[in-house]
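Undergrad: Provided below are the primary sequence and the corresponding predicted coordinates.
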Amino acid sequence: MPKYGSEDLTIKIDNDLGAAKDLSSYIDTINEFTVEALLQEGHAFGDAWVKQLFTGVKRGNALTVEGFYDDTATDGPDAILNAIGDTRGVEITWGGSKKSTFDAIITSYSRRPVRGELTRFSCTLTPAGEVLEV
């Protein structure tokens with residue numbers, strides 16, 4: 001059974017022209033990526049326990065990517081991710097061949113300078129619909 005580390009992960013995000021750009025060399029932190037089933041309480045009066053029912057709807061959580069700020073004109077994270085409200089295609093390869101792909105809305109982008117340290121960026125990508133996992 002193979003084990004995968006950070007060197008095996010790739011993350012590609014479309015630029016404003018729809019071409020996938022590999023931002024793996026810029027990103028060093030990704031929050032937990034989760035796909036969840038939405039539930040609804042389904043118990044009746046007199047039931048002693050809460051019952052949960054699957055609504056048939058799933059959702060991917062917002063994905064936050066972070067790394068060192070780079071404003072390279074066409075391929076850097078600033079050029080691709082600094083477009084609040086735009087939708088981008090995202091493809092994450094978790095190692096081997098397992099991939100998660102989805103369209104995401106850029107919901108936030110920030111630069112975080114700290115005295116005596118290199119400037120970092122943070123971008124939140126919120127899935128706009130279905131997350132395909134192959």
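TA: That came in fine, so what should we check first?
Undergrad: quick one: terminal-to-terminal distance for stretch 56-65?
TA: 29 Å (C-alpha to C-alpha, to the nearest Å).
Undergrad: And stretch 79-89, by the same measure?
TA: Stretch 79-89 end-to-end distance (C-alpha to C-alpha) = 15 Å.
Undergrad: buried residues in it?
TA: 79, 80, 81, 82, 88 (16 or more other C-beta atoms under 10 Å). Every C-beta, even on glycine, is put in place using the N, C-alpha and C of the backbone.
Undergrad: from the residues you listed, which ones fall inside strands?
TA: Per DSSP state E, strands hold the following members of those: residue 88.
Undergrad: For residue 99, state which of the buried residues of stretch 79-89 is nearest.
TA: Nearest to residue 99 among the buried residues of stretch 79-89: residue 88, at 15.9 Å, using C-beta to C-beta.
Undergrad: Please report the distance of the closest one from residue 27.
TA: 14 Å (C-beta to C-beta, to the nearest Å).
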